[in-house]
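# just to be clear, the model below is a prediction. Sequence and coordinates:
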Amino acid sequence: ASRAWGGVLSNTIEDLYTDTINNRLYDSGKFTDTACHNAACYSFAYWDNSSWHYVGDSSSLSSRIPLVSYNGDMISANFPKSYTNNSSFYFSKLSGNSWLRTDSIGGLIAKLKVFNNKLYAAGAFYYIGNVNACNVAYKDNLGWHALDTTTWKYNYGFKDVAEYNGSVYVCGNFVSYDGTMRHLAKWDGIKWSNVGGWNCTNTWTTPTCFCVYKNELYVSGYYIFKSNGDPGNGICKWNDTIWSEVSTGLIDSLGGSAQAYEMKVINNKLVMAGGFDFAGGVPAKNIVEWDGTKFCAFGGWFDNPIDYLANYNNQIYIAGPYHADTVLINFIGRWVGGSYRDSCGNNVLSNINKYQSNNNISVYPNPTSNIILLNTNDISNYQNSIITIQNTLGQTAKKLSFTKNIDVSNLLQGCYFLQITLSSGEIYKTKFIKQ
């Protein structure tokens, strides 16, 4: 198969946004360019499918620079009052190759989204334009409007905002004074309320991103554990009546809950990007797609989580990792095809765990960078056996006669399955992570 992921730019990316009107992929982040006097600074660029073009000199911007298109204008936020005054912030719109400051912000914006011809802003602020607003507001042709001016007992701002079935949903680091809303709330046009009994006893459960897919609201975030009373592991969904899990959720290499940082509907699939190793049991390093029934992995190993996601000219772009497998992509890359890591919906993780529970074999340290040691109850049972190590594509990476000490230093980073075949024909399996 062809190489799955290709690099397109050297950057530290803070947002990706597809401008469908002008057919451009915009990003914001920390660049090294002549506009910044050959030093690293926060700025903007757009990709036209052949080359990058830098937009303006924005060297004093804050590190979080959200982007959105609204009423034909490219909009961004968190611009300081001036290059020497960082005490207050502004929205700006792109005019030619320059950013023009517009509405003032009493704080910082985390997310900009457009629903029903309205521009929504979510973050940590107490006013926006000339309107008092707590963490969320929207703009229409008449100007900015607050949903209300509710304040929160514990308030470190909203991370994301979504519109679902006529109501506005927010998530982030906040708790209501009466304790009924923790990190997730719903605005019905009159008041805020809890969402379907969302867990208010777990202090650490913090949803951080939303996406509506097939008329259900998907939520992912920090410390969402089914064992703690949450609806799922790392991700769950709401149908306006009840919460439910998404297969077995997003899991890290040690079996703990993981999360998506961004979710988008692309080609009628829900694509999730973030920091995880398995999705519904399918090996999927940091990016996976969901069709409403099963997960499918894209393939590849990444050295960093995937922070941002975009669909441009029917190709998936990602931002965050420095490497994809052995390919240097310099923090941003695109999907250029290749084999899936595993057949869609094949729950390799649960199969391996089930098999492993019936035999007494394990490896340590796990994860490892150099050597793994086999831990068995009776070593005499494994004499004259063969050890085979395969990657998640089913390709054999190493094959050798039985030994308790195995050198894996030459293997690429990622998840591997170790199989021991006895002379009797019996097979035992376990898994490990190569760092």
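Thanks, I have the structure now.
# alpha carbons only for contacts and neighbour counts from here, please
Noted.
# beyond the worst-scoring helix or strand of the chain on mean pLDDT, next helix or strand please.
When each helix and strand of the chain is scored by mean pLDDT, DSSP states H and E, helix 348-356 comes last, with a mean of 35. Downstream of helix 348-356, the first helix or strand assigned by DSSP states H and E is strand 361-364.
# and the longest strand for this structure?
If you go by DSSP state E, the chain has its longest strand at strand 98-115.
# do you know how far the closest residue to Arg24 other than its chain neighbours is from Asn117?
In this structure, Arg24 finds its nearest non-sequential neighbour in Asp48, 5.2 Å apart by CA to CA, 6 or more residues apart in numbering. In this view, Asp48 and Asn117 are 26 Å apart by CA to CA, to the nearest Å.
# how many residues are close by Ile371?
The tally of other residues near Ile371 (other CA atoms under 10 Å) stands at 17.
# quick one on the thing from earlier: which one's more surrounded, Asp48 and Asn117?
Higher neighbour count among Asp48 and Asn117: Asp48, with 14 against 11, using other CA under 10 Å.
# which ones are touching the more buried one?
Neighbouring residues of Asp48 by CA atoms under 8 Å, 6 or more residues apart in numbering: 23-25.
# now Ser76. Nearest residue, chain neighbours left out?
Closest to Ser76 by CA to CA, 6+ apart is Leu67, at 4.7 Å.
# hang on, that neighbour packs against Tyr17?
Yes. Between Leu67 and Tyr17 a contact is recorded at 6.2 Å, counting by CA atoms under 8 Å.
# tell me the pLDDT at Leu418?
Listed pLDDT for Leu418 reads 86.
# that one contacts Ile389, correct?
Yes. If you go by CA under 8 Å, Leu418 and Ile389 touch, sitting 4.5 Å apart.
# picking up where we left off before, so what's the residue nearest to Ser76 up against?
15-17, 26-28, 74-77, 112.
# what do you get for Lys237?
By CA under 8 Å, 6+ apart, the residues touching Lys237 are 216-219, 243-246.
# now Leu250
Contacts of Leu250 (CA under 8 Å, 6+ apart): 233-235, 257-260, 276-280.
# list the contacts for the nearest residue to it once chain neighbours are set aside?
Of all residues not flanking Leu250 in the chain, Ala279 sits nearest, at 4.6 Å (CA to CA, 6+ apart). Residues near Ala279 by CA under 8 Å, 6+ apart: 248-251, 288, 295.
# Ala279 pairs with what?
Leu250, Val282 (DSSP bridges).
# I'd like the distance between it and Ile406.
In terms of CA to CA, Ala279 sits 28 Å off from Ile406.
# swap in Asp160?
46 Å.
# the two: which has the busier surroundings?
Taking other CA under 10 Å, Asp160 and Ile406 do not tie; Asp160 has more neighbours (25 against 16).
# thought Val219 was touching the more buried one, still the case?
No. When contacts are counted by CA under 8 Å, Asp160 is not listed as touching Val219 (10.1 Å).
# tell me the secondary structure for the most far-flung residue of the chain relative to its centre?
In the chain, Ser380 marks the outermost C-alpha relative to the chain mean, sitting 46.1 Å out by CA atoms, centre = their mean. Recorded secondary structure, Ser380: helix (DSSP: H, G, I helix; E, B strand; the rest coil).
# quick one: it and Gly425, what's the gap?
Going from Ser380 to Gly425 by CA to CA gives 15 Å.
# go on, Ser104?
72 Å.
# which one's more surrounded, the two?
For the pair Ser104 and Gly425, the greater number of neighbours falls to Ser104 (21 against 9), based on other CA under 10 Å.
# hey, what's that one bridged with?
Bridge pairing for Ser104 - DSSP bridges - gives Tyr90.
# any weak-confidence spans in the stretch 1-150 of the chain?
Where the stretch 1-150 of the chain drops to pLDDT under 70, the residues are 1-12, 31-42, 56-63, 81-87.
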